[in-house]
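Enquirer: predicted model and sequence follow; I will ask about them next.
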Amino acid sequence: MTQQAARPTTRKSRLIEHLRQQTRPGELSVDRLRAYYATRSGYVRAVDDVSFEVRPGDYLGMVGESGCGKTTLVKAIFRLLPEDAFVDGEVRLDGRNVLAMKSNELRQIRWTRMSLITQSAMNSLDPVYRVGDQIVEAIRAHGDVSYDDAWQRAVEMFDLVELAPDRLRNYPHQFSGGMRQRAIIALALVLQPGLIIADEPTTALDVITQDQILGRIRRIHEAVGASMILVTHDISVIAETCNDTAVMYAGKIVEYGPTIGVLQEPCHPYTMGLKNAFPNIKGAINKLIAIPGSPPSLIDPPRGCCFAERCPFASDRCRDLKPSLRHVGTDHSAACHYTDQAASLRERAKEKSTWDEVAVRIGLG
Amino acid sequence: MTARREPGDRLVQDQAATPAPVIEAKGLKKHFPIDTGVIAALVRRGPPRTVKAVDGVDVSVSSRSIFGLVGESGSGKSTLGMTLVRLYEPSAGSIFLSGEEVTHIHGDGLRRFRRRAQIIFQDPYGSLNPRLTVGEAVEEPLKIHGIGDRAERAVRVVESLERVNLQPRHFLHRYPHELSGGQRQRAVIARTLVLKPDFVVADEPISMLDVSIRAGILDLLETLSKDLGLGVLYVSHDISTVRYVCDRVAIMYLGVFVEHGETDEVIDHPAHPYTQSLMAAVPIADPTAARKRVELPGEVPTPIDIPSGCRFRTRCPCVMDICLRVAPPWREVSPEHHVACHLYQSSITPTRGISTCRPKGGLLARPPEAGAAVKPAKQ
């Protein structure tokens, strides 16, 4: 009994050790990235001048609401955007510009240097192939590996994410949502990528499953050492998981820095508002405060700050002049004209009346 | 079937001070038959199997209050909500609206019932007809129920829109596609209110909305409940939002309630091992906070084949022999806080201390935390 319990752990720890040795943490630097979609009414500026970097072994959280461009950003990094999308800027993975790569170079680095854990696990698995065969296919597409060896690796990966190896012979529909997501994680890890991007990996899952999946991703990150980006709308997930946080709004990064700094002492009014709006299971029950209004059109973005319309502290300067990211502390930056007054703004942002004024101003009150 | 509740079990009842329940259900069950086709009928042995989505629930919601219903997907919480407003025909048990039995009413009676019991669905994109303006959509229920003439209806539509903070002059003639998600959900709520219902089921009303606007909808629900005296059943998988709006909360697992009580009491002192793990799984939005994680093994069993005894026993970290055989009866662990778990059974004077359940993997009971001190001390 005890022997049986002990064996898998040693096997697993050996596997993790192997993965750790094989994994060379990736380094990503995104520089002035723009990704626009062409529509009949004009370009949708889904990602507009975004720069950030992920150092080897970092765990970056990217948080924003729906439509803020976070998924487009991920797709642009992976070069998964449609042909007619306009993409400009630089995405350097381990020093090489992904955006300039030819398709065969791209094929080589996808899955081996960077992999993606997508939002809807149902859509990322092919419904007519067995899950195991899909993992084997990925392994064999990137190396001269026999089917049996590849299958053996798939078995090991399933072991790592705590799925029974005989489940490899199942089709995706025979899996529950949580199991599918674990299978995707296994797939994302199987070629020891240096950078793993998880785009809303738990959005469709229940809290208990979400907790299992996030815990597993984090443990694997810690054990294997790959660099990670977690994209989500849930600031509590970021708070628990990521070392660094980037807050996105209307296609731009509006605040960026160590998670503790960004969430404890936000310097951008949007981050302050987001914090107010977010329920917490612990601590004092402060009334939740919504941010009035809705994000601006990305086809015709405002001339000045993109948050000015919903911002309780906006001045004429904000409406006329786009703020750029400026340093507010060590590694912490925010795109606001009034970062020097951040401390007093933070206090005012805690009052519901502050935000009510915005509602009146934009005619919702 | 599993007789989970014996007669004489305690009902979810509000204290004497609060008004009589607007909606009340006793022993409510909703089973969905499966393999009912001709071939299945020829092939199978025994009676057709059923999905026991709701399997014996007692619930009562008083007016002017919000009752939270929390559970994972597949726990039957939406089915319970839909059965309470008679969108599903109950398989067993009875439902009372303001004391009047409505379990099997039909025809005109059901029509009158629908005016008084309404439901708000999760998806504001799917629940508004794209070809109707907001004004038309809100007016439609009045037309269906033949209420008022044109002028009277117009007045009620405007009133209703004002209630949900959609300025009529801006929104009356807009189409759903011109509205943001939050505005759409407000329009849906306005349509619900126009009939002046007594009871509303809000089935995950904010889970498809953006975080920054969720608070506004929750606020609105709270205000409406207090101002109009509505009884609201707020169905959600997100226990952290429940904390902000609900007076009382029930935790549902595999078709039954496992714990219910006042919201603060249940959240600060969860008694059932399932509630404890559910709470432990919720991430905390404070990067400096440390959370005790409890990983629950396995997944929710299928509601076709419900485990014997306690339904949670297949995943419970504190499972005992008795749990395999006997469904746990209700126990009051503190005033108005009830739990269905054998851990609390043996004791003559049940106290919270028992909740220190020590599974092999770790400790479920959590130390008192800073947040608890903020609230008025109970007991």
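Expert: All right, it came through fine.

Enquirer: which residues of the stretch 201-350 of chain A fall in strands?
Expert: With DSSP state E, counting those that start in this stretch as the criterion, the stretch 201-350 of chain A has strands at A:227-232, A:244-249, A:252-258, A:326-329, A:332-334.

Enquirer: oops, could you answer that again for chain B instead?
Expert: Using DSSP state E, the strands found in chain B span residues B:21-33, B:50-62, B:65-70, B:92-97, B:100-101, B:117-120, B:199-203, B:231-236, B:248-253, B:256-262, B:330-334, B:337-340.

Enquirer: among the ones you listed, which comes closest to chain A?
Expert: Proximity to chain A (C-beta to the nearest C-beta) singles out strand B:65-70 among those, at 9.6 Å. For the C-beta atoms, the positions are set from N, CA and C on the backbone; glycine is no exception.

Enquirer: how big is the angle separating that closest one from strand B:21-33?
Expert: When axes from the mean of the first three to the mean of the last three C-alpha atoms, to 10 degrees is applied, the directions of strand B:65-70 and strand B:21-33 differ by 30 degrees.

Enquirer: and the contacts of strand B:65-70?
Expert: B:14, B:18, B:59, B:61, B:77, B:80-81, B:221-222, B:225, B:231-239, B:242, B:245-252, B:263, B:278 (C-beta atoms under 8 Å, 6 or more residues apart in numbering or on different chains).

Enquirer: for the residue in the stretch 1-150 of chain A positioned nearest to chain B, which non-adjacent residue is spatially closest?
Expert: Closest to chain B within the stretch 1-150 of chain A is A:E65: 4.2 Å, counting by C-beta to the nearest C-beta. Computed as C-beta to C-beta, 6 or more residues apart in numbering or on different chains, the closest residue to A:E65 that is not its neighbour in sequence is B:D210, at 4.2 Å.

Enquirer: which ones are touching that neighbour?
Expert: A:E65, A:S66, A:H233, B:G181, B:G182.

Enquirer: among the residues you listed, name the ones in helices.
Expert: If you go by DSSP state H, the contacts of B:D210 have B:G181, B:G182 in helices.

Enquirer: contacts only, for A:A188.
Expert: Contacts of A:A188 (C-beta under 8 Å, 6+ apart): A:W111, A:S115, A:L116, A:I117, A:I196.

Enquirer: out of those, which are inside strands?
Expert: Among those, the members that lie in strands (by DSSP E) are A:S115, A:L116, A:I117, A:I196.

Enquirer: pLDDT at the last one, what is it?
Expert: Just to be clear, that refers to A:I196. A:I196 carries a pLDDT score of 93 in this model.

Enquirer: for A:G225, see how far away it is.
Expert: Distance of A:I196 to A:G225, given as C-beta to C-beta, to the nearest Å: 11 Å.

Enquirer: okay, those two: which has more neighbours?
Expert: A:I196 (24 against 18; other C-beta atoms under 10 Å in any protein chain shown).

Enquirer: so who does the more buried one touch?
Expert: Contacts of A:I196 by C-beta under 8 Å, 6+ apart are A:M114, A:S115, A:L116, A:I117, A:A188, A:L189, A:H221, A:A226, A:S227, A:M228, A:I229.

Enquirer: from A:W111, how far out is the residue lying closest to the third one once chain neighbours are set aside?
Expert: If you skip the residues right next to it in sequence, A:L116 has A:I197 as its closest partner in space, 5.3 Å away by C-beta to C-beta, 6+ apart. The gap separating A:I197 from A:W111 is 12 Å, by C-beta to C-beta.

Enquirer: does B:G56 really touch B:G93, like I thought?
Expert: Yes - with contact defined as C-beta atoms under 8 Å, B:G56 and B:G93 form a contacting pair (7.2 Å).

Enquirer: hey, what's in contact with both of the two?
Expert: Contacts common to B:G56 and B:G93, judged by C-beta under 8 Å, 6+ apart, are B:G27, B:L28, B:K29.

Enquirer: now these in JSON lines, with distance to A:A141, pLDDT and neighbour count?
Expert: Formatted as JSON lines, these follow (distance: C-beta to C-beta, whole Å; pLDDT from 0 to 100; neighbours: other C-beta atoms under 10 Å in any protein chain shown):
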{"residue": "B:G27", "distance to A:A141": "57", "pLDDT": "95", "neighbour count": "18"}
{"residue": "B:L28", "distance to A:A141": "53", "pLDDT": "96", "neighbour count": "23"}
{"residue": "B:K29", "distance to A:A141": "52", "pLDDT": "96", "neighbour count": "23"}
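
Enquirer: can you get me a residue count around A:G215?
Expert: 15.

Enquirer: any part of stretch B:174-184 near chain A?
Expert: Yes - with C-beta under 8 Å from any C-beta of the partner chain as the criterion, chain A is reached by stretch B:174-184 at B:S180, B:G182.

Enquirer: give me the contacts around that stretch.
Expert: A:290, A:294, B:124-125, B:128-134, B:137, B:166, B:171, B:187, B:208-210, B:213, B:216-217.

Enquirer: same thing but 6 Å
Expert: A:S294, B:P124, B:L128, B:P130, B:T133, B:V134, B:L209, B:I213 (C-beta atoms under 6 Å, 6 or more residues apart in numbering or on different chains).

Enquirer: what's the burial count for the third one?
Expert: The one in question is B:L128. Other residues close to B:L128 by other C-beta under 10 Å number 22.

Enquirer: how far away is it from chain A?
Expert: Applying C-beta to the nearest C-beta, to the nearest Å, the value for B:L128 to chain A is 17 Å.

Enquirer: what's the burial count for the nearest residue to that residue once chain neighbours are set aside?
Expert: In space, and not counting its chain neighbours, B:L128 is closest to B:P176: 4.3 Å by C-beta to C-beta, 6+ apart. For B:P176, the neighbour count with other C-beta under 10 Å is 20.

Enquirer: tell me, what's the model's pLDDT at B:P176?
Expert: pLDDT, B:P176: 93.

Enquirer: with B:R10 instead?
Expert: 42.

Enquirer: kindly report the same for A:L28.
Expert: pLDDT, A:L28: 95.

Enquirer: can you tell me which of the shared contacts of B:G56 and B:G93 comes closest to B:K143?
Expert: B:L28 (31.8 Å; C-beta to C-beta).

Enquirer: from what I see, that closest one and B:G56 are in contact.
Expert: No - contact between B:L28 and B:G56 fails when scored by C-beta atoms under 6 Å: they sit 7.2 Å apart.

Enquirer: appreciated, that's everything.
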